[in-house]
Structure formats: C-alpha cells, structure tokens
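Engineer: generate coordinates for the sequence data below:
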Amino acid sequence: MTTVGIATGAGRGMGLACARRLAAMVDALLLVDVDEAAVTAAAEKLVAARHGAAVEPFPLDVTDRDGLAGLAARVREIGTLRAVAHAAGISPSMAGWRRVLAVDLTGTALLAEALRPLATAGTAMVCFASMAPMLGGADPDPAVAAILDDPLDERFPDRLRDAVGPSIEDSGHAYAWAKRGVHRFVRREAIRLGPAGARVCSVSPGIIDTPQGRQLPDRHRRPGRRRRVRRRAEPRTVTMRHGICVPNLGEFADPRQVAELARRAEEAGWDGFFVWDHVVFPYGALEVADPWVLLTMVAMATGRIRFGPMVTPVARRRPGVLARQTTTLDRFSGGRLVFGAGLGFTLPAEFGTWGEPVQPRVVAQRLDEGLAVLAGLWSGERVDFHGEQVTAADVTFLRRGDHRPHPAGAAGRGPGDSASHRGGRPAPVR
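Structural biologist: Numbers count the residues shown, from 1 in each chain. Just a heads-up that it's a prediction; the model follows:
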C-alpha cells in the first residue's frame with residue numbers, strides 16, 4: 001500500500017514546515033499552493049533533501065472545486081490517503097473580507113468535501129485555525145452559528161454580513177469569524193469521519209519555527225552592523241525564568257479574574273506575569289480592559305512575581321503620563337514592574353482609529369523619542385527634549401529611593417524601522 005500525504009499552503013511558512021515533517025512519514029507527498037512557482041521550488045528542495053517521500057507539486061487554489069476534484073483523483077491514482085496538513089490560508093492584511101472568508105473557511109470545507117470519500121482507517125487531517133476567535137469567549141448567537149455552519153452556501157458571505165453587521169467588512173473581523181467557523185466545521189467533520197476510522201482536528205498555533213521566521217532578526221539588523229561576540233574563559237550559568245502572558249481582552253478583560261490568575265501563578269512558582277496592551281482588537285468586537293488597571297490588580301494580588309505590559313505601544317501614549325503610571329506602580333509593587341515597549345500591533349486599528357499617524361517610520365520615531373523622554377523622567381534628572389515627534393520642555397520628575405521600572409526591551413515589526421533595533425536601551429536625553 002502506498003501512503004499519500006497532502007500539505008496545503010506548502011509553498012512557504014507553516015505549510016512548508018508541515019511538508020518537511022510529512023515527507024518522512026508517507027510514501028508520496030502532494031504539495032498544494034496557489035503560487036505555482038513557490039510550490040514547485042518547495043518540491044524541488046524537498047526532493048533534494050531526500051526525506052524519503054516522492055514529492056510532487058500540485059498548484060491549486062483551495063476554493064476551486066474542480067481543482068480539488070483533480071487533487072482527489074491524483075491521490076486515488078497514487079495510493080491511500082494517510083495524512084493532510086491544511087495550512088493554506090490568508091491573513092487580514094492580504095485580502096478583502098470576502099476573500100478571507102472564501103479561502104480560510106469555505107476553502108477548508110471544500111477541501112474536506114473533496115477528500116472525505118478517500119478517508120480510511122488511519123487517515124488523519126489537521127486544519128490550521130487561529131487563537132483569534134478563542135479570545136472572544138462565548139459562542140456566537142445561534143442564528144449566526146447556523147450561517148457559519150453552512151460555508152458552502154453560495155450566499156454565505158452575504159448571509160453572514162446580514163447577521164453580523166457591517167463590522168465583518170473589516171478583514172480582521174472576517175478572519176476571526178472564518179477561523180471560528182473552522183473550529184466548528186472540524187468538530188462536525190470529526191463525526192463524519194469517525195465511522196471510517198479517520199480523524200480530524202484543528203490547531204491554533206502561536207509562533208512557528210520556519211525559515212521565514214528565523215530570517216526576521218537578519219532583516220531587522222542595521223546594514224553594516226556586526227554582532228560582537230565576547231569570549232569567556234569560563235562557562236556562565238544562566239537561570240531561565242518562566243512567565244505567563246495573557247490578553248487584556250475577551251475573558252481576560254475581567255480585572256478580578258486576571259488578579260486571581262496572577263495570584264495562582266505566583267503560588268505555583270511562576271516568575272513573571274504579563275498582559276497585552278490593546279485599546280482596539282482588529283479581529284472582532286471584544287471587551288477590552290485597560291492594561292494598567294489590570295496590572296494594578298496584579299500588584300495588589302501578588303508579592304513576589306514580576307509583572308508588566310507585553311508590550312506597551314509608547315507611540316500612542318503621552319510620555320509624561322506613562323512615566324507617572326510606571327513609576328507609581330513600580331513603587332507600589334516594591335520595584336517589580338518590568339516595562340516592555342514596542343511599536344504596536346495593527347497600526348490602522350490601534351492608531352488610525354483615533355486619527356493618529358500609521359506610517360511605521362513615524363510610529364518608530366515616536367517610540368524612540370518617547371523612550372528617550374521616559375528614561376530621563378525615570379532618572380529624576382532635568383529633561384529638556386525637543387524631538388520631531390515628542391517634546392518635554394524643562395521638566396523634572398522626583399524619584400523616591402531606587403525604584404524605577406525595569407526596561408525589558410523594545411520590539412519592532414517593519415524592516416528598517418529604527419525602533420526594532422532599540423533592544424531596551426533608550427536613547428540619552430540631552
């Protein structure tokens with residue numbers, strides 16, 4: 001018996017990473033991707049790596065019903081379907097709301113429909129979903145759920161819009177609804193496949209270790225700058241500390257619940273407890289809590305564990321107010337505040353909604369200048385700063401003792417953004 005595996009979205013990223021694993025588990029592997037050049041190149045690399053399976057590229061749009069029928073026919077020609085890793089999908093930044101729904105949810109249902117007749121005892125299918133819908137907590141209204149459970153209906157996008165409202169025309173909202181639909185679809189598909197001895201599940205991953213992900217640090221490094229390596233005569237012992245990071249939205253928008261979770265984390269021996277810093281979440285309408293209120297509750301509920309925001313977009317906060325918040329909370333907690341700073345997530349939602357600049361370089365400059373002012377205000381020294389984006393004119397914040405927040409680092413997203421190199425070392429204030 002020749003076993004056959006399928007990896008969708010296999011031209012790059014998660015799909016390609018799955019393909020590498022499957023290549024050592026099946027006799028023949030079909031790589032599916034809408035990008036013919038990418039999937040062909042991926043197949044050539046896998047063949048050259050000699051993973052064991054006979055690898056074949058299969059250019060295909062997962063929303064193409066006829067193309068999927070051809071994929072199923074090819075599997076029949078080769079052997080018995082053993083494994084499917086369905087990673088094909090598009091993020092909110094890649095297309096409009098209709099296309100997001102079509103690829104991420106309808107495409108999943110179409111793929112399952114085409115392959116269902118091939119399922120036998122031992123066949124396994126994994127569909128990649130997302131954490132986005134999980135953050136919303138409760139299941140949708142039954143009327144909306146009924147529409148979401150019928151993604152193959154020709155009027156599916158319009159019916160869902162009529163039920164949910166115009167907010168779904170935001171690609172981020174559509175993405176969250178599509179992935180919620182994937183979760184629900186997989187549960188029903190498991191019942192359909194069970195009698196044949198086949199299995200299906202969905203996974204909602206975090207950061208995936210792929211070549212593309214590992215290249216990010218190189219893209220963000222300043223041109224011409226070399227990393228200096230220090231040699232040590234003796235090996236150094238490093239203590240690893242472990243922390244928990246929770247969103248400030250959905251089920252975690254309840255300050256009492258977050259405080260209780262932090263208390264239990266400290267009791268269980270965790271070293272850190274961190275919360276997101278969002279004011280608007282782009283992937284659906286969710287309750288969002290102020291992170292500094294949550295962190296205050298964490299400080300009150302604990303006595304040892306370090307805590308802080310992960311991370312605060314300094315560019316959308318006034319440095320003077322932020323300095324007061326951080327120093328006050330750090331003093332109250334006995335010096336346990338760890339301050340993480342960054343550019344922010346989904347600039348159009350978090351910044352553009354309020355009429356703030358969304359250009360990454362402008363936001364990065366505001367971050368740099370904001371960190372410079374914060375460092376000065378935390379020091380207790382006189383600050384007279386006049387930047388292009390931030391001003392602090394002849395001001396001094398008094399310090400009490402040695403307490404000041406611990407800067408954990410600044411995170412950036414865009415290539416070439418100066419803030420992505422800050423690394424937790426604020427620029428000097430003159």
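Engineer: go through stretch 290-307 and flag the buried ones.
Structural biologist: For stretch 290-307, a neighbour-count test (16 or more other C-beta atoms under 10 Å) marks 291-292, 294-299, 301-302, 305-307 as buried. Every C-beta, even on glycine, is put in place using the N, C-alpha and C of the backbone.
Engineer: same list (those) but as CSV, adding distance to residue 144 and secondary structure.
Structural biologist: Shown next, in CSV, are those (distance: C-beta to C-beta, whole Å; DSSP: H, G, I helix; E, B strand; the rest coil):
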residue, distance to residue 144, secondary structure
291, 30, helix
292, 34, helix
294, 29, helix
295, 34, helix
296, 36, helix
297, 33, helix
298, 34, helix
299, 39, helix
301, 36, helix
302, 39, coil
305, 39, coil
306, 41, strand
307, 37, strand
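Engineer: roughly how far apart are the nearest residue in space to residue 182 that is not next to it in sequence and residue 14?
Structural biologist: Of all residues beyond its chain neighbours, the one nearest residue 182 is residue 129 (4.4 Å), with distances taken as C-beta to C-beta, 6 or more residues apart in numbering. Per C-beta to C-beta, to the nearest Å, residue 129 is found 12 Å from residue 14.
Engineer: quick one: which of the two has more around it?
Structural biologist: residue 129 (27 against 22; other C-beta atoms under 10 Å).
Engineer: ok, residue 395 - contacts?
Structural biologist: By C-beta atoms under 8 Å, 6 or more residues apart in numbering, the contact list for residue 395 reads 320, 377, 382-384.
Engineer: and the closest residue to residue 159 other than its chain neighbours, how close does it get to residue 156?
Structural biologist: Distances taken as C-beta to C-beta, 6+ apart place residue 147 nearest to residue 159, at 4.9 Å, with adjacent residues excluded. Shown here: residue 147 relative to residue 156, a distance of 7 Å by C-beta to C-beta.
Engineer: who's more crowded, the two?
Structural biologist: Under the neighbour definition other C-beta under 10 Å, residue 147 and residue 156 were set side by side, and residue 147 has more, 23 against 20.
Engineer: what about that one, which SS state?
Structural biologist: Of the three states, residue 147 takes helix under DSSP: H, G, I helix; E, B strand; the rest coil.
Engineer: now do the contacts for it.
Structural biologist: Residue 147 makes contact with 153, 156, 159-160, 163, according to C-beta under 8 Å, 6+ apart.
Engineer: just say helix, strand or coil for residue 371.
Structural biologist: When classified by three-state DSSP, residue 371 comes out as helix.
Engineer: my guess is it meets residue 341, correct?
Structural biologist: Yes. Counting by C-beta atoms under 8 Å, residue 371 sits close enough to residue 341 to count as a contact (6.2 Å).
Engineer: so which of the two has more stuff around it?
Structural biologist: Taking other C-beta under 10 Å, residue 371 and residue 341 do not tie; residue 341 has more neighbours (28 against 25).
Engineer: isn't the more buried one right up against residue 314?
Structural biologist: Yes. Look at residue 341 against residue 314 with C-beta under 8 Å: they come within range, at 4.9 Å.
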